[in-house]
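1. Predicted model, plus sequence, below.
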Amino acid sequence: METTILGLNSATFPHLHIWDWRVALYLFLGGLTAGAMVMSSVANLRKDKSSLKEKACCVRLPLIAPLLLAVGMFFLFLDLENKKNMFWFYMTLQPLSPMSWGSWALLAVYPVMILFGLSVLPEEFYPRLPFAFLKRLAATLQPQMRRLAAANFVMGILLGVYTGVLLSSYVARPLWNSALLPVLFLISALSSGAALAIIMAKQDKAKLFFTKVDIWLLFAEIFVLVGLFYGHYSSTEAHREAIMPFFDISSQHFPYAISIILLSIVLPGAIVLKFLEVRVDHEGPIVGRAKTQMITSAALVLVGALIIRFAIVYAGQLSSLSRYTSIY
């Protein structure tokens with residue numbers, strides 16, 4: 001249909017990109033939100049504290065998570081062709097449609113994030129809340145913070161997996177159609193969430209903790225990324241051809257080759273910097289060069305996550321199960 005109706009051919013329009021940078025940014029911000037949810041939950045669950053004032057930590061991360069997801073959904077809204085018909089998603093639930101499940105899941109994520117964000121607020125932050133009922137709600141939720149953190153953790157995992165399932169369910173796009181893609185997006189989301197926690201955390205102990213967590217996540221991310229490419233290479237011809245743009249330096253596929261080169265520099269570079277950080281004996285506060293190095297490594301992780309989303313979204317639309325479009 002793309003060839004006969006739209007005149008798709010190798011001379012004028014060799015490929016039809018339905019999803020562009022807006023979808024890639026939505027997937028990145030959705031993954032970053034999922035990672036922020038999980039890491040903020042881990043920060044509040046990893047220690048059993050006695051007093052209410054000591055129970056909550058990592059306050060800013062759960063508060064910024066709903067804003068990140070809202071911005072991501074705004075980009076997704078911009079991508080919709082018929083924006084007035086968006087409400088039809090919420091008039092039905094299609095059990096076999098990942099988009100339908102995802103639309104409802106996004107609505108379910110917001111209440112959990114907001115309630116958890118209120119539960120971690122220290123009492124000295126209550127005067128900053130704009131409405132009196134929010135102050136009362138925050139005080140009521142504070143004793144339930146750990147339970148809300150557990151729910152927030154689960155919803156964050158589901159959101160991170162969904163960003164990959166959204167693409168992997170497309171059988172007609174071989175690059176996307178892999179069981180490892182949701183795993184890759186989840187690990188990348190957790191890694192970027194840890195990186196954001198490093199940037200936003202005030203306590204040095206929290207920065208070092210998330211740095212150690214991120215090292216393992218980066219190793220896992222590289223391992224799964226290599227496994228994704230190997231899985232396509234050892235599969236059918238269509239899957240093998242789907243990864244070829246990443247290894248072709250011609251003008252047509254040059255951006256995809258650059259993305260692999262950048263990932264080969266960014267992710268290992270972040271690991272090296274993080275190893276240097278954890279090997280140093282941080283007896284005093286982390287300041288100066290050490291703090292700059294820590295933030296730089298976290299920024300590299302975020303850049304790597306963004307590259308992965310853009311590369312997968314765009315390159316996936318080059319792949320096809322049929323060789324018909326490559327003949328004409």
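-> Here it is on my side, so go on.

2. from here on, contacts and neighbour counts on C-alpha atoms
-> OK.

3. Please identify the buried residues of stretch 227-241?
-> Leu228, Phe229, Gly231, His232, Tyr233, Ala238, His239, Arg240, Glu241 (16 or more other C-alpha atoms under 10 Å).

4. no, scratch that, I was asking about stretch 18-30
-> Under 16+ other C-alpha under 10 Å, the buried positions of stretch 18-30 are Arg22, Val23, Ala24, Leu25, Tyr26, Leu27, Phe28, Leu29, Gly30.

5. Save those as CSV, and put in pLDDT too.
-> Shown next, in CSV, are the buried residues of stretch 18-30 (pLDDT from 0 to 100):
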residue, pLDDT
Arg22, 92
Val23, 92
Ala24, 94
Leu25, 95
Tyr26, 94
Leu27, 95
Phe28, 96
Leu29, 96
Gly30, 95
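
6. Can you tell me which of these lies closest to Ile222?
-> Phe28 (17.3 Å; C-alpha to C-alpha).

7. looking at it, the closest one is touching Val303, isn't it?
-> No - look at Phe28 against Val303 with C-alpha atoms under 8 Å: they stay out of range, at 10.1 Å.

8. List the contacts of Tyr269.
-> Quick fix: residue 269 is Gly, not Tyr. Ser297, Leu300 (C-alpha atoms under 8 Å, 6 or more residues apart in numbering).

9. From Ala290, how far off is it?
-> According to C-alpha to C-alpha, to the nearest Å, Gly269 stands 16 Å off from Ala290.

10. do Phe310 as well
-> 31 Å.

11. Tyr233 too?
-> 41 Å.

12. cool, and Leu80?
-> Applying C-alpha to C-alpha to Leu80 and Ala290 gives a distance of 44 Å.

13. And for Ala139?
-> From Ala139 to Ala290 the distance is 37 Å (C-alpha to C-alpha).

14. With neighbour numbers in mind, choose between those two.
-> Counted by other C-alpha atoms under 10 Å, Ala139 and Ala290 do not tie: Ala139 has more neighbours, with 18 against 15.

15. what's near enough to touch the more buried one?
-> Counted by C-alpha under 8 Å, 6+ apart, Ala139 has contacts Ser119, Glu123.

16. where's whichever strand or helix holds Tyr230 relative to the chain centroid, distance-wise?
-> Using DSSP states H and E, the element containing Tyr230 is helix 204-233. Mean C-alpha position of helix 204-233 versus that of the full chain (C-alpha atoms, centre = their mean, to the nearest Å) differs by 13 Å.

17. pLDDT below threshold where in the stretch 201-328 of the chain?
-> Scanning the stretch 201-328 of the chain for pLDDT under 70 picks out 280-285, 287, 322-328.

18. go again using 50 as the cut-off
-> 324-328 (pLDDT under 50).

19. Please, where are all the helices along it?
-> 204-233, 237-242, 254-279, 288-316, 324-327 (DSSP state H, counting those that start in this stretch).

20. any chance of those in TSV, with distance to Leu190 too?
-> Below are the helices of the stretch 201-328 of the chain laid out as TSV (distance: least, C-alpha to C-alpha, whole Å):
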stretch	distance to Leu190
helix 204-233	7
helix 237-242	26
helix 254-279	14
helix 288-316	10
helix 324-327	37
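
21. by contact count, what packs against the strand or helix carrying Ser40?
-> Here Ser40 sits within helix 21-45, counting by DSSP H and E. Secondary-structure packing of helix 21-45 (3 or more C-alpha pairs under 8 Å, 6 or more residues apart in numbering; DSSP states H and E): helix 60-79, helix 145-168, helix 180-200, helix 288-316.
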